[in-house]
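Visitor: starting from these lines, generate the structure:
(one chain, ligands or ions: 1)
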Amino acid sequence: MTVSRPLVAQNTAQTTDIANLTSPLVRFEDVSVSYGNGENATLALTPTTLSVTKGDFIALVGPSGCGKSTILKLVSELLQPSSGYIYFAGRELGAKPIRVGMAFQSSTLLPWLTIRDNVMLPLKIVRPFRQQYRSKRRGEFKDKVDALLEQVGLIDFAEKHPWQLSGGMMQRANLCRALVHEPDLLLLDEPFGALDQFTREELWSTLQDLWMANNTTVLLVTHDLREAAFLANRVCVMSARPGRILEDREIDFLRPRNIDMTFEPDFVTLVQHLRGLIVRPTGKAAQEAAS
Ligand SMILES: Nc1ncnc2c1ncn2[C@@H]1O[C@H](COP(=O)(O)OP(=O)(O)OP(=O)(O)O)[C@@H](O)[C@H]1O
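Guide: I've put the predicted structure just below:
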């Protein structure tokens with residue numbers, strides 16, 4: 001099932017505003033990916049069409065190897081599609097630079113820098129901030145970094161080094177670093193995968209707060225269906241390789257969402273439904289289902 005997008009009326013002043021609000025920030029049109037050539041080629045993604053609206057929080061879920069990370073690699077231009085087209089803000093991807101923020105399961109903080117300097121790093125490297133950093137805005141940037149650290153509860157650790165922080169704290173700092181340069185897209189690949197359940201749930205709330213405050217567009221890859229249903233406003237469920245989108249599901253629980261909500265029947269039913277799409281019955285259960 002694919003979510004139907006609102007229809008836009010033609011030729012009215014209001015139309016333009018609605019169109020701007022609803023036209024996709026990112027659009028995949030029949031995008032497929034094969035790794036390798038000839039007999040050794042692996043078809044990772046079958047022709048896939050996907051629209052991401054500005055401000056969306058999309059979770060990609062599916063069995064291992066179904067192509068979730070491949071989609072992130074495509075959006076971040078680390079990989080070219082084998083066929084099809086990808087558009088960003090209406091122009092083919094690559095036509096103009098886009099700002100991307102990323103966070104992964106393992107912390108990529110630099111051990112010799114303080115937490116503040118780690119979070120500051122994109123402002124020293126990424127345009128247009130790097131020119132401004134060299135000139136007059138250094139103090140302003142420190143305030144910006146500190147505001148983010150404050151928001152995630154790390155301001156008292158700004159002068160510490162990564163090895164002085166817990167895993168959950170390092171992931172908070174990672175999120176700040178991924179967001180500090182105001183990315184067009186925040187790409188998260190299993191960012192909480194290495195954390196214990198309680199820390200992970202704390203981080204869900206942190207990420208939700210950051211998303212609500214910064215109006216960022218997020219693509220999250222996760223194996224955790226509760227995480228997907230808690231955080232996202234759309235969950236895309238992918239099939240086993242070669243990947244395709246089986247269901248593009250709108251998630252309309254009220255915000256801000258809290259952990260108590262995840263024990264409510266509606267939430268549990270949703271997670272079971274998502275699980276049913278991914279996990280095929282095996283053995284006796286499969287025979288019973290087939291009969
Ligand atoms: N560089 C590569 N060369 C060859 N095959 C690759 C390469 N990268 C990925 N693949 C294959 O493409 C498929 C999709 O990989 P991808 O990493 O996108 O899956 P995934 O859904 O993110 O998996 P997981 O959930 O296990 O991280 C897998 O079968 C994988 O083995």
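Visitor: what's the lengthiest helix in the chain packed up against?
Guide: When the chain is parsed with DSSP state H, its longest helix is helix 197-214. Counting contacts by 3 or more CB pairs under 8 Å, 6 or more residues apart in numbering; DSSP states H and E, helix 197-214 is packed against helix 138-151, helix 167-179, helix 225-231. In short, each C-beta sits where N, CA and C put it, glycine included.
Visitor: a markdown table for those helices, including distance to the ligand and mean neighbour count?
Guide: As requested, these are exported to a markdown table (distance: least, CB to the nearest ligand atom, whole Å; neighbours: other CB atoms under 10 Å):
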| stretch | distance to the ligand | mean neighbour count |
| --- | --- | --- |
| helix 138-151 | 28 | 16 |
| helix 167-179 | 18 | 23 |
| helix 225-231 | 13 | 23 |
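Visitor: mind putting those in CSV, mean pLDDT included?
Guide: Output for these, formatted as CSV (pLDDT from 0 to 100):
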stretch, mean pLDDT
helix 138-151, 91
helix 167-179, 96
helix 225-231, 98
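Visitor: now do the helices in the stretch 1-150 of the chain.
Guide: Along the stretch 1-150 of the chain, the segments classed as helices by DSSP state H, counting those that start in this stretch run 13-22, 68-75, 115-125, 129-134, 138-151.
Visitor: and this structure, which of its residues are near the ligand?
Guide: 35-36, 42, 44, 62, 64-70, 241 (CB under 6 Å from any ligand atom).
Visitor: of the residues you listed - the most surrounded one?
Guide: Within those, neighbour counts (other CB atoms under 10 Å) peak at Gly67, which reaches 27 neighbours.
Visitor: contacts for stretch 150-163, please.
Guide: 107, 109-116, 118, 145-146, 149, 164-165, 169-170, 172-173, 175-176, 206, 209-210, 213 (CB atoms under 8 Å, 6 or more residues apart in numbering).
Visitor: for it, which positions count as buried?
Guide: Residues of stretch 150-163 classed as buried: 151-152, 154, 157-158, 161-162 (neighbour count, 16 or more other CB atoms under 10 Å).
Visitor: ok, stretch 120-134 next?
Guide: 120-123, 126, 129, 133.
Visitor: endpoint to endpoint, stretch 252-267 covers what distance?
Guide: 11 Å (CA to CA, to the nearest Å).
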